[in-house]
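A.B. asks: Got a sequence here, can you build the structure:
(chains A and B)
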Amino acid sequence: MKIQVGVGTREEFEHFLKAGADEFYCGFKTIPGHLYGGVTFDSVDEVAEAVKLAHASGKKFYFAANEIQAHALNETVAFIKELHSRGIDGVIIRDLAVLSALKPGKLPLEIILTSLSPCYNAGSLDFYRGLGVTRLALPEQLLPREAEGLIRNKWGIGTEIFLMAREYCVVLNGLCYLKQFNGQCLCRKEFRTGGRKFVMAKPTAEEHFSRLYDFHKLGVPVLKIGRHPAKDYAKILFGEALAVNKLLGSGLSKKEFTRLALKYHAKIGTFLEKCTNKP
Amino acid sequence: MHQQTVKKAALLELPGIAKASGAFIKRQDFIYIGSEFCQNIFPVKKDVAALFDKGAKKIVILTSFMVQDGLSRLQDAVSDILGEFGNIEIMVNDFGFLAYLNKFHSATPKGIGRPLSIDFMRMEHAARAKFFKEHKLGRLETDEADMLHNIPPRPGFKISLHYPLKYAAMSRSCPFVRKITLACAHACYGRTMILPVPGSARPLVARNNAYFLAYRPGAVKNVDRLVKHSFDAGKMNC
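C.D. replies: Residues are numbered from 1 along each chain as shown, chains lettered A, B, ... in the order given. The predicted structure follows:
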């Protein structure tokens, strides 16, 4: 699989370029594009330089604008047009108004529908195709057997999948308002109800790797790593993606792949926990 | 200010249909059934027939996001219902299902349900109005009373306000069976989990595969329908 990685700084971008990433995406400080306020680029020139460097290495560079609301519509559309004139390959979008404003075919851009969007069947994909979508980031809570019609769609729309053993929201992350209770993410908290413990259900790492194996077999061509506010987290995660991708390409059985991927996953787990606790 | 007559609606869980009295059903202008959150919960023809037999004036079918297999089953069930009954509205959260309805049941009144309405509550108005017109949508279902000021008077569609449960989150991993499943025995029916939240006076309320916050909508404008969550026909309220 190709590996796509979200970058927050020029330094991060250069690190991943050298490390072998195939595709990149970034956000921009004035355009809402990350649920948790990921690090973004600060100037158009900075983005344009990164695009140029990526192209010089035969790589692609995208722009994420997937948290747009009414007030940012015109600014976002104008910004995407500017980035297009500076060579950006495509954009990652959720908002239907932005999709409509870009008008299918008007700008020769790849349009990636964010995994935050509710696209769970081929009929929905056809709907988004009508709005110009050329690639789908598969929703996180979709099982491989449910995704076959999306992955092997008849329109040639590409797909990508997050490395979810590390990055997975317990609830649908595009529609999460749990922070309104006490300002914290509640989805991984332990609750007490009627004298019993309750935690929200989520798949195990083993299930995630097993599903990733199936997604790969079904033909998803891009493995995606998100941006992360914690310093160096994405770099470590990228290392895991490289290792897992190598295993996927080595013809292992699902059982053997899952065993080895879990081993690597556990090895870097402690290090990552330390890393995320850093300021 | 633009005045609207506010109609009364009750949202029932499917087993609540049998428990609901004819008097309760007849008091409502609309009965809501199905689920906006779980693709395994939607009515079939006998559920709709039972409600009309008990005196329901109009029925609103709520539908969720659907994976491919679920979408096929939903389409069959809804076609079956619409083939026999009028006075039905359908609320959608899935654009594949919306396209299906517009192709095969274009005259059936339709709207955008929760939680997809979250995106539409925040969308630039001209784009939203254009979308509603193009896709033959006449209604927006919301529980975001605090966001209603974002919608201008006479927006080109009607608005329903749900209470007393306000959506907070949902997962395809059901809280009651603890996994994603397409073949489901509806272990969630009749069950509510109240989950106290440290640092908050208000608990998280789990129903079906979604989590909510109990709230009071207060005085609202721009709304022509209030939908009360009366899962067990008025016997269970939050």
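
A.B. asks: Kindly provide the distance from residue A:111 to residue A:131.
C.D. replies: Distance from residue A:111 to residue A:131, counting by CB to CB, to the nearest Å: 8 Å. The C-beta positions use only the backbone N, C-alpha and C, and glycine is treated the same way.

A.B. asks: For chain A, what's its nearest residue on chain B.
C.D. replies: residue B:96 (2.4 Å; CB to the nearest CB).

A.B. asks: tell me the contacts of residue 43?
C.D. replies: Just so you know, I chose chain A. Not one residue lies near residue A:43 by CB atoms under 8 Å, 6 or more residues apart in numbering or on different chains.

A.B. asks: My question was about chain B, not that one.
C.D. replies: Counting by CB under 8 Å, 6+ apart, residue B:43 makes contact with B:14, B:33-34, B:61, B:77, B:81.

A.B. asks: Check the burial of residue 139 by counting its neighbours.
C.D. replies: Since you didn't name a chain, this refers to chain A. 25 (other CB atoms under 10 Å in any protein chain shown).

A.B. asks: meant chain B, my bad for not saying
C.D. replies: Residue B:139 - counted by other CB under 10 Å - has 21 other residues nearby.

A.B. asks: ditto for the one 3 residues further on
C.D. replies: A count of neighbours around residue B:142, defined by other CB under 10 Å, yields 24.

A.B. asks: Residue A:225 against residue A:1, yeah?
C.D. replies: No. Here residue A:225 does not reach residue A:1: they are 11.5 Å apart, not a contact under CB atoms under 8 Å.

A.B. asks: distance between stretch B:157-174 and the chain's centre?
C.D. replies: 7 Å (CA atoms, centre = their mean, to the nearest Å).

A.B. asks: ditto for stretch B:52-59
C.D. replies: 17 Å.

A.B. asks: Now it - C-alpha only, CSV.
C.D. replies: Extracted C-alpha coordinates of stretch B:52-59, given in CSV (Å, rounded to 0.1, in the frame of the first residue of the first chain):
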residue,chain,number,x,y,z
PHE,B,52,-52.7,3.1,11.9
ASP,B,53,-55.1,0.6,13.4
LYS,B,54,-54.7,2.3,16.8
GLY,B,55,-55.5,5.7,15.2
ALA,B,56,-52.2,7.2,14.2
LYS,B,57,-52.8,10.3,12.0
LYS,B,58,-49.4,10.3,10.4
ILE,B,59,-46.2,8.2,10.8
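
A.B. asks: So for residue A:111 and residue A:131, which residues contact both of them?
C.D. replies: Joint contacts of residue A:111 and residue A:131 (CB under 8 Å, 6+ apart) are residue A:99.

A.B. asks: Residue 24: neighbour count?
C.D. replies: By default, I'm working from chain A. So residue A:24, with other CB under 10 Å, has 24 neighbours.

A.B. asks: oops, chain B please
C.D. replies: For residue B:24, using other CB under 10 Å, the count is 19.

A.B. asks: quick one: buried residues of whichever strand or helix holds it?
C.D. replies: Secondary structure assignment for residue B:24, by DSSP states H and E: helix B:22-27. Of the residues in helix B:22-27, B:24-25 count as buried by neighbour count, 16 or more other CB atoms under 10 Å in any protein chain shown.

A.B. asks: Run through who's touching that helix.
C.D. replies: For helix B:22-27, using CB under 8 Å, 6+ apart, the contacting residues are B:8, B:10, B:31, B:51, B:54-57, B:233-234.

A.B. asks: Could you tell me which of the contacts of residue B:43 belong to strands?
C.D. replies: B:33-34, B:61 (DSSP state E).

A.B. asks: With secondary structure and distance to residue B:169 as new columns, can the contacts of helix B:22-27 be given to me in a markdown table?
C.D. replies: Output for these, formatted as a markdown table (DSSP: H, G, I helix; E, B strand; the rest coil; distance: CB to CB, whole Å):
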| residue | secondary structure | distance to residue B:169 |
| --- | --- | --- |
| B:8 | strand | 28 |
| B:10 | strand | 24 |
| B:31 | strand | 26 |
| B:51 | helix | 30 |
| B:54 | coil | 34 |
| B:55 | coil | 36 |
| B:56 | coil | 31 |
| B:57 | coil | 33 |
| B:233 | coil | 27 |
| B:234 | coil | 27 |
